[in-house]
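Visitor: could you look at this predicted model? Sequence included:
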Amino acid sequence: MVSPLEDLGYPLVFPVDEGVDGLDAPEPSLGVAHRTRVRSLGGMQKEALVTNSATGTTWRLASDEGEYLEGEDIAPAPLAHLTTGMVSSFASEVLTLADERGIEVEDLTLVQDNYYTMNGSALAGTMTAGALPVDLDVEIDADAEPQALRTLVDDAVQSAPVSGLIHDVTDSVFTLVANGREIDPDRVDERDGPTLPDPIETFESLPRDASERDPPIIHRTGATTEPLPDSDEAYTSGEGSSLSADQDRVLHLRGTCTVRPDGTKHVAVELFSPIGTVFEFISDEPSGRGGAGRAPDAMTYVAAGLGFCFMTQMGRYADIVDADLSAYRIVQDTHVTAGVRGDEATPAGWAPVETCAYVETSEDADFARELLDMSEQTCFLHALCRSDPGGPDVDVVAR
């Protein structure tokens with residue numbers, strides 16, 4: 001039996017024609033905004049539409065989970081999208097700032113490790129996600145002194161838009177619509193402004209005539225990450241391990257980013273905890289920002305990862321408490337700074353994430369509120385929003 005993603009029969013990522021109705025983006029409150037629409041397709045499979053306010057372009061992306069969440073492992077996990085966007089953001093900023101400073105970069109490789117935690121009981125309402133400091137190793141070959149390259153990397157990391165997500169402590173805000181009726185949320189902060197339209201009609205009217213790129217923008221390698229020799233009992237793997245009602249574990253992903261001859265970034269993402277399949281991504285910034293828009297930009301991957309992760313927690317919580325959740329969708333707005341302009345590196349900024357959640361359930365309104373609260377509480381990337389884990393801890397090797 002084929003999964004919903006396989007049944008659609010389309011690439012894991014493709015650009016959407018600009019003429020499609022309902023693919024607007026919000027006015028940016030900082031530099032650039034992304035509007036992300038996500039719907040569940042069944043099991044742990046989801047698809048997203050991410051629209052960039054600066055370019056007007058929309059990318060459709062897909063996500064799935066591995067055996068640890070009893071997924072079909074057809075598409076990358078949400079955190080793999082986030083790792084791809086984060087390491088691509090750092091790489092793009094290094095290249096942009098190097099160009100501004102007249103430094104010719106011959107070769108650039110970034111290796112980034114992301115760590116998250118999950119502790120507590122879902123049934124008792126204490127399960128909570130956390131984000132730990134990011135490790136970043138940068139190997140750069142360029143026509144400059146080692147100290148100049150160290151300064152270049154430090155300044156680039158400071159101004160990379162994704163650094164706002166790491167360092168700015170923000171509480172996300174929500175609108176909740178259950179079975180077509182808007183209801184007041186409980187513990188999470190309520191979003192101001194009119195409720196954004198349910199994206200279901202946009203998804204259903206989406207023309208799906210895209211063909212796979214050669215090479216593909218997102219590629220499932222089929223290889224499985226090997227366990228790390230120094231992993232401890234907090235590292236987990238195994239079928240259904242992430243569906244346990246009680247958890248005390250660490251998640252660990254590694255993204256290795258290299259710059260291809262055409263200027264696009266290639267990112268291989270390995271899951272060490274839980275053990276998972278290796279996926280490869282291509283990222284490209286828009287025209288005027290060092291790229292040509294040939295693949296999703298860094299912050300499109302970040303926005304998609306954040307939306308996918310929150311949606312995963314909704315489905316996971318309903319599964320753990322054995323409650324009906326027949327359909328669920330979100331519309332999510334993210335606002336970030338645009339990155340370096342000129343020779344000066346300016347601090348990155350990140351505004352509170354705004355989300356309209358749509359759920360269809362035979363359960364009562366109290367369940368819908370608890371679902372929203374627990375999904376925010378157990379979302380690794382909302383944990384990153386509401387905390388400052390520190391870092392990245394940057395190590396630079398200049399050649």
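Guide: Ah, there it is.

Visitor: my guess is Asp248 contacts Asn119. True?
Guide: Yes - between Asp248 and Asn119 there is a contact at 5.2 Å, judged by C-beta atoms under 8 Å. Using the backbone N, CA and C atoms, a C-beta is placed for each residue, glycine as well.

Visitor: what's Gly120 sitting at in phi/psi?
Guide: The phi and psi values for Gly120, taken as degrees, to the nearest 10, are phi 110, psi -170.

Visitor: just checking, it touches Thr126?
Guide: Yes - if you go by C-beta under 8 Å, Gly120 and Thr126 touch, sitting 3.7 Å apart.

Visitor: who has more neighbours, these two?
Guide: For the pair Gly120 and Thr126, the greater number of neighbours falls to Gly120 (17 against 11), based on other C-beta atoms under 10 Å.

Visitor: and the more buried one, how far is that from Ser205?
Guide: Remark: distance between Gly120 and Ser205 (C-beta to C-beta, to the nearest Å) = 41 Å.

Visitor: which residues of the stretch 101-250 of the chain fall in helices?
Guide: Secondary structure of the stretch 101-250 of the chain (DSSP state H, counting those that start in this stretch): helices at 146-159, 162-167, 200-204.

Visitor: and the residue most central in space within the chain, which of the three is it?
Guide: Nearest to the mean C-alpha position of the chain, counting by C-alpha atoms, centre = their mean, stands Gly305 at 1.9 Å. Using DSSP: H, G, I helix; E, B strand; the rest coil, the structure places Gly305 in helix.

Visitor: what's near enough to touch the nearest residue to Ser362 once chain neighbours are set aside?
Guide: Nearest in space to Ser362, with sequence neighbours left out and distances taken as C-beta to C-beta, 6 or more residues apart in numbering, is Asp324 at 4.6 Å. Asp324 makes contact with 318, 361-363, according to C-beta atoms under 8 Å, 6 or more residues apart in numbering.

Visitor: derive a PyMOL selection command for the buried subset of the residues you listed.
Guide: Selection of buried members from those for PyMOL, criterion 16 or more other C-beta atoms under 10 Å:
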select buried, resi 318+361+363
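
Visitor: using JSON lines, lay out the contacts of Asp324 together with pLDDT.
Guide: Formatted as JSON lines, the contacts of Asp324 follow (pLDDT from 0 to 100):
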{"residue": "Ala318", "pLDDT": "97"}
{"residue": "Thr361", "pLDDT": "98"}
{"residue": "Ser362", "pLDDT": "98"}
{"residue": "Glu363", "pLDDT": "97"}
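
Visitor: in helices, which of the contacts of Asp324 fall?
Guide: When DSSP state H is applied, those are split such that Ala318 fall in helices.

Visitor: closest to Gly349 out of the contacts of Asp324?
Guide: Ala318 (34.3 Å; C-beta to C-beta).

Visitor: check the gap between Val267 and Thr84 for me.
Guide: In terms of C-beta to C-beta, Val267 sits 5 Å off from Thr84.

Visitor: what residues do the two have in common as contacts?
Guide: By C-beta under 8 Å, 6+ apart, the residues touching both Val267 and Thr84 are 255, 281, 283.

Visitor: most neighbours among these, which one?
Guide: Using other C-beta under 10 Å as the neighbour criterion, Phe281 leads those with 29 neighbours.

Visitor: Asp248 and Asn119: which is more packed in?
Guide: Asn119 (16 against 13).

Visitor: bridged to the more buried one, which residues?
Guide: Thr128, Asp248 (DSSP bridges).

Visitor: do I have it right that it meets Thr128?
Guide: Yes - the pair Asn119 / Thr128 is scored as a contact, 6.1 Å apart, by C-beta under 8 Å.

Visitor: number of residues surrounding Asp232?
Guide: 8.

Visitor: and it, what pLDDT?
Guide: Turning to Asp232, the model gives it a pLDDT of 78.

Visitor: what separation do you get for it and Val278?
Guide: Asp232 sits 22 Å away from Val278, going by C-beta to C-beta.

Visitor: again, but for Thr236
Guide: 18 Å.

Visitor: what do you get for Pro229?
Guide: Look at Pro229 and Val278: by C-beta to C-beta, they are 18 Å apart.

Visitor: equivalent analysis for Pro286, please.
Guide: With distances taken as C-beta to C-beta, Pro286 is found 27 Å from Val278.

Visitor: now stretch 2-19: how far from the chain's centre is it?
Guide: Centroid separation between stretch 2-19 and its chain, computed with C-alpha atoms, centre = their mean, to the nearest Å, is 18 Å.

Visitor: likewise stretch 244-263?
Guide: 11 Å.

Visitor: try stretch 232-248
Guide: Offset of stretch 232-248 from its chain centre (C-alpha atoms, centre = their mean): 21 Å.

Visitor: same thing with stretch 219-232?
Guide: Chain-centre distance of stretch 219-232: 20 Å, with C-alpha atoms, centre = their mean.

Visitor: re the thing from before, can you list the shared contacts of Val267 and Thr84 in TSV and add distance to Val153, secondary structure and pLDDT?
Guide: Formatted as TSV, the shared contacts of Val267 and Thr84 follow (distance: C-beta to C-beta, whole Å; DSSP: H, G, I helix; E, B strand; the rest coil; pLDDT from 0 to 100):
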residue	distance to Val153	secondary structure	pLDDT
Gly255	16	strand	98
Phe281	22	strand	98
Ser283	18	strand	98
